[in-house]
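1. take this sequence and fold it.
(2 chains)
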Amino acid sequence: MAPHRRLCTFYLDRLWFGIAVERVHEVTRLPAITPVPLAAPAVAGLINLRGQIITVIDLRRRLGFEERPAGMLPVNVVARSGNATVGLLVDEIGEVVEAPESSHEIAPDNLPAQSRELVPGVYKLPDRLLHVLDLDMVVGGDGGEAQSGKALK
Amino acid sequence: MSTATDGMEEIIKEFLAESAEGLDRLDGNLVELEREPKSHERLGEIFRAVHTIKGSSGMLGYPKLESVAHAAENLLSGLRDGKLALHPALTSGLLAMVDALRELLNAIECTGGEGDGDYIPVVRVLEELLRNSAAPATVTGDLTDAVTENIQAAAGASVNKIRVDVGLLDRMMDLASELVLARNQTLQCTSLQTDGTLLGAAQRLKRVTTDMQETVMKARLQPIGSVWDKFHRLARDLALSCGKQVTVETEGSETELDRGLIEAIRDPLTHILRNAIDHGIETPEQRTRAGKTAAGHLRLRAFHLAGRVHIEISDDGAGINLERVRQRALERGLITPEQAAGMGERQLGELVFAPGFSTAEQVTNFSGRGVGLDVVKTNIERIGGVVDLRSVTGQGTTLQIKIPLTLAILPALIVSSGGQRFAIPQVNLVEVVRLEAGPGASPIERVYRAPVYRLRDRLLPLCFLDRELHFESSGAGDLYVAVLQAGAGQFGLVVDAVNDTEEIVVKPLGKELRAAACFAGAAILGDGQVVLILDVAGLAQLAGILADPRVQPLKQAAEPESERDPAAQSWLVFRGTAGSRFALPLSAVARLEEIPAESIERSAGWEVVQYRGEIMPLLRVARLFHEPEQERELLPVVVLRESGLSAGLVVNRIEDIVDELVGVRSDRQSDLLDGSAVIQERVADVLNLKNVLALARGASTSGAADGSV
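-> Residues are numbered from 1 along each chain as shown, chains lettered A, B, ... in the order given. I've put the predicted structure just below:
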């Protein structure tokens, strides 16, 4: 069997994203969140995850998408980046996908460099494209409101 | 096969960790031995450490390590048997041996092998010393026994100890606090239940959880000696390089504090030590001329007092030349000539902590201290501590540091602004003032555009938390001003509400949030919610208050003499019902509270309230001094606290807090009064705290049934 990569997938503004499954700790509903004034706009705030305080990043804002429509409750994906545990707010969680390495392609040239930092590649799955998110860049990058969303759409 | 290798790796790891500890103690012990060459105990400990390393390295197959340790052991046994006498060259040789061992252990830890360093010279030196140092016997006989006993004792002790990863301890701490939250929620639910079994279980859960949290905290404690052990060596090396002689004395090295704090004070303490030797202690010639011993004396002292760890570093050096400090500050433009003229010793001493004072080249040849002391101060303040400096010209300098017992737990005031809660560390908080919303003129005035508040006739710069953090304020209503201490200056932080004080467990912010300088960290409150902890200095900077650290704090220092005169005291002034005016030293006041009259209960004839989990006796000032009583729903209470005992003083109205030099005229009409004094140009009766508290103590212990006073 050809090499595969297991990705935990989720949706953001109807686009399909994935991160390596071994990075993901758990998926929760969003508990009470404490906003952090003056932080980068993408930082949704801090939550208490069983005694540990973790930073939650709103991926819609991080990727420069439109704000989540009112009434849509985000899902919190708890994942590990380096030594830090972070929460990622997504619209909806998908299944775990086994993506064949052969279907991987780096992000096309017409994607601006800024976006390619966060989404370095895609898997061409039979019916649709799965965007691969670079978690470390999402967490460690400048955290500002990236312009990439507009380019992705 | 792999298990065999794993086992071996474990053994080597254990050996490295143990040896590293042994070496740290060796440094200290060798320097101490130089001071008291006949100490059996020291020699025994040194011998034991080297002996252990030699034995283990032979067994594990590290020939270089073994040969160095072996040569050292021979030399040490010569000392032990009294065939050799200790002299500086010998000590240096032994210290070089320790360095060689450390290097080798390092190499083993990093590469797994002994590396390609050449240690034959060290061995040669040691052998040479053994041959040439033959001296009359000075050490008496029964040392060998002492050493053997020590070795056995050490072997016995190690059975009951294991090494625990620090990360694991931190995690345990997190989980313990989380358990406390779960417990609180459980207790809240069960308080509505009547099922006896459930209530019993909930109570047990409460007790066990508290015990567990305390136990985990204890597991994180380390003796301060683990930092100091290195200082003997450091002091010796530094003194040698400056051509000075220094002896180091330590007291209370078993004083325990949280390991996070140990790490945090390591650098500041090292810095202070360097300063003391470099600038404080004079050369042997200068010292002899001044009639002192040729060797300078450094004293490190640590002890627990009133829930804090006190650390004192004193030297018997030249002290700070305050005249030079005054001149230097004038030259640097830190103070005006008028200010300089009016400054007392204490204020001048504080100048060395001013940031502008520390830039290197101006002060290196400066005969006091001052190099980077602002950094020391900042670092200590960051962990909730305070630094105090006392210096007597010609006699030496003492730096006193007071830090909380644990880094992890911090008493904080919870405030809200714009609907969000924030925590202000209690150490930064001076007082809280309520600004009532009313039809009259706003109590907040403006100087140009800068908002200020008249606090006891002083203009206090203000900043609004909601505006600084860019969110909408909830608007009208009463406001509160938290008066905060940032460095030497004060400012007022305007918030919407003051909630409560809470002991919070400080957690650092993730690196993705570090940019926000106005937050010192985050914590989980009793209800499970996350709250941000305000960094007072960062906030002041953000708001542009105290922007020029060189000017603002010193304005403060140059206030009228009486304000900051060391003899001046802070007084709490309050009113009785019959127009009387009372004062008591602010230092005895723990808090000011308002308690609802209906919460007063009676115990053995005394009025008491439940206050922070204990029963606090109440004393009504009106009754104490036979004044008419007034029935009110909310009673202003001054909470006094001394040696673990609280008492509440019910007063008519709290008037003010004043800093004033007060002469108490002793015209006592009552045991409960010290006399009277003129405070703010009016007469006030000064309470005799001792007798008042003794009354309260009677209430809480004897249960005397003669009714409340």
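2. CA atoms for contacts and neighbours, from now on please.
-> OK.
3. smallest gap between the stretch 201-350 of chain B and chain A, at which residue?
-> Distance from chain A to each residue of the stretch 201-350 of chain B (CA to the nearest CA) is smallest for residue B:213, at 13.2 Å.
4. please enumerate the helices of the stretch 101-250 of chain B.
-> Using DSSP state H, counting those that start in this stretch, the helices of the stretch 101-250 of chain B run over residues B:120-132, B:143-158, B:166-190, B:196-219, B:225-242.
5. not counting residues beside it along the chain, what's closest to the residue of the stretch 201-350 of chain B closest to chain A?
-> Leaving out its chain neighbours, the residue that sits closest to residue B:213 by CA to CA, 6 or more residues apart in numbering or on different chains is residue B:176, at 5.5 Å.
6. burial of that neighbour, as a residue count?
-> When neighbours are counted by other CA atoms under 10 Å in any protein chain shown, residue B:176 registers 22.
7. would you mind listing what in chain A touches chain B?
-> Counting by CA under 8 Å from any CA of the partner chain, chain A comes close to chain B at A:32-34, A:36-39, A:46-48, A:50-55, A:84, A:139-140, A:143.
8. could you list the buried residues of whichever strand or helix holds residue B:349?
-> Per DSSP states H and E, residue B:349 falls inside helix B:345-351. Buried residues in helix B:345-351, counted by 16 or more other CA atoms under 10 Å in any protein chain shown: B:346, B:347, B:348, B:349, B:350, B:351.
9. what does stretch B:521-538 give?
-> For stretch B:521-538, a neighbour-count test (16+ other CA under 10 Å) marks B:521-526, B:528-538 as buried.
10. that older thread, wait, isn't the residue nearest to residue B:213 in contact with residue B:212?
-> Yes. Judged on CA atoms under 8 Å, residue B:176 makes contact with residue B:212 at a distance of 7.0 Å.
11. find the closest residue to chain B in chain A.
-> Residue of chain A nearest chain B, by CA to the nearest CA: residue A:51 (4.7 Å).
12. and that residue, what are its phi and psi?
-> In terms of degrees, to the nearest 10, the main-chain angles of residue A:51 are phi 90, psi -10.
13. what about the nearest residue in space to it that is not next to it in sequence, how many residues nearby?
-> Leaving aside its sequence neighbours, residue A:51 sits nearest to residue B:178 (CA to CA, 6+ apart; 4.7 Å). The burial count assigned to residue B:178 is 21, neighbours taken as other CA under 10 Å.
14. next one: residue A:127
-> Quick note: residue A:127 (other CA under 10 Å) scores 6 neighbours.
15. what helix or strand is it on?
-> Per DSSP H and E, residue A:127 falls between elements, in no helix or strand.
16. and what of residue A:45?
-> For residue A:45, the element it lies in under DSSP H and E is strand A:43-49.
17. what comes into contact with that strand?
-> When contacts are defined by CA atoms under 8 Å, 6 or more residues apart in numbering or on different chains, strand A:43-49 is touched by residues A:31-36, A:53-58, A:143, B:524, B:528-530.
18. which element follows that strand toward the C-terminus?
-> strand A:52-58.
19. export that next one as PDB, just CAs?
-> The C-alpha coordinates for strand A:52-58 follow below in PDB (Å, rounded to 0.1, in the frame of the first residue of the first chain):
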ATOM      1  CA  GLN A  52      -4.300  24.200  32.100                       C
ATOM      2  CA  ILE A  53      -4.700  27.600  30.500                       C
ATOM      3  CA  ILE A  54      -4.500  27.500  26.800                       C
ATOM      4  CA  THR A  55      -4.700  30.100  24.100                       C
ATOM      5  CA  VAL A  56      -7.500  29.800  21.500                       C
ATOM      6  CA  ILE A  57      -7.000  31.000  18.000                       C
ATOM      7  CA  ASP A  58      -9.900  31.700  15.700                       C
END
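20. pairing partners for it, with directions?
-> strand A:43-49 (antiparallel), strand A:84-90 (parallel) (DSSP bridges).
21. out of the ones you listed, which is closest to residue B:102?
-> Closest of these to residue B:102 is strand A:84-90, at 33.2 Å (criterion: CA to CA).
22. now for the longest helix seen in chain B, which elements pack on it?
-> Counting residues, the longest helix found in chain B (DSSP state H) is helix B:2-35. Helix B:2-35 sits against helix B:40-60, helix B:88-111, helix B:225-242, with contacts defined as 3 or more CA pairs under 8 Å, 6 or more residues apart in numbering or on different chains; DSSP states H and E.
23. possible to save the ones you listed as TSV with mean neighbour count, distance to chain A and mean pLDDT?
-> Output for those, formatted as TSV (neighbours: other CA atoms under 10 Å in any protein chain shown; distance: least, CA to the nearest CA, whole Å; pLDDT from 0 to 100):
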stretch	mean neighbour count	distance to chain A	mean pLDDT
helix B:40-60	20	34	79
helix B:88-111	17	22	82
helix B:225-242	18	28	82
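24. if we can go back for a sec, can I get the helix holding residue B:349 as PDB, trimmed to CA atoms?
-> The C-alpha trace of helix B:345-351 is given here as PDB (Å, rounded to 0.1, in the frame of the first residue of the first chain):
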ATOM      1  CA  GLU B 345      19.800  59.300  53.700                       C
ATOM      2  CA  ARG B 346      17.100  56.800  52.900                       C
ATOM      3  CA  GLN B 347      16.000  58.700  49.700                       C
ATOM      4  CA  LEU B 348      19.600  58.900  48.600                       C
ATOM      5  CA  GLY B 349      20.000  55.200  49.100                       C
ATOM      6  CA  GLU B 350      17.000  54.600  47.000                       C
ATOM      7  CA  LEU B 351      18.600  56.500  44.100                       C
END
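25. how far does it sit from its chain's centre?
-> Centroid separation between helix B:345-351 and its chain, computed with CA atoms, centre = their mean, to the nearest Å, is 21 Å.
26. also stretch B:316-325?
-> Centroid displacement of stretch B:316-325 relative to its chain, using CA atoms, centre = their mean, is 25 Å.
27. may I see the buried residues of that stretch?
-> For stretch B:316-325, a neighbour-count test (16+ other CA under 10 Å) marks B:316, B:317, B:318, B:319, B:320, B:321, B:322, B:325 as buried.
28. looks to me like the fifth one is in a strand.
-> No. Assignment of residue B:320 by DSSP: H, G, I helix; E, B strand; the rest coil gives coil, placing it outside any strand.
29. where are the low-confidence patches of the stretch 1-150 of chain B?
-> Residues of the stretch 1-150 of chain B meeting the criterion pLDDT under 70: B:1-7, B:133-150.
30. where do the helices of chain A begin and end?
-> Per DSSP H, chain A carries helices over the ranges A:59-62, A:113-118, A:135-140, A:148-152.
31. state the mean pLDDT of the last one.
-> The average of the pLDDT scores along helix A:148-152 is 42.
32. what's the answer for the shortest one, then?
-> When pLDDT is averaged along helix A:59-62, the result is 90.
33. buried set for it?
-> Neighbour counts over helix A:59-62 (16+ other CA under 10 Å) mark A:59, A:60, A:61, A:62 as buried.
34. likewise for stretch B:629-648?
-> So, applying 16+ other CA under 10 Å, buried residues of stretch B:629-648: B:635, B:636, B:637, B:638, B:639, B:640, B:641, B:646, B:647, B:648.
35. farthest-apart pair in those residues, please.
-> The largest distance within the buried residues of stretch B:629-648, taken as CA to CA, falls between B:635 and B:641 and amounts to 18.3 Å.
36. deepest-packed of the helices of chain A, please.
-> Ranked by mean neighbour count, the helices of chain A are led by helix A:59-62 with a mean of 23 (mean count of other CA atoms under 10 Å in any protein chain shown).
37. alpha carbons only: can I get that one in CSV?
-> This file holds the C-alpha atoms of helix A:59-62, laid out as CSV (Å, rounded to 0.1, in the frame of the first residue of the first chain):
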residue,chain,number,x,y,z
LEU,A,59,-8.9,30.1,12.5
ARG,A,60,-11.4,32.1,10.5
ARG,A,61,-9.7,35.3,11.6
ARG,A,62,-6.2,33.9,11.3
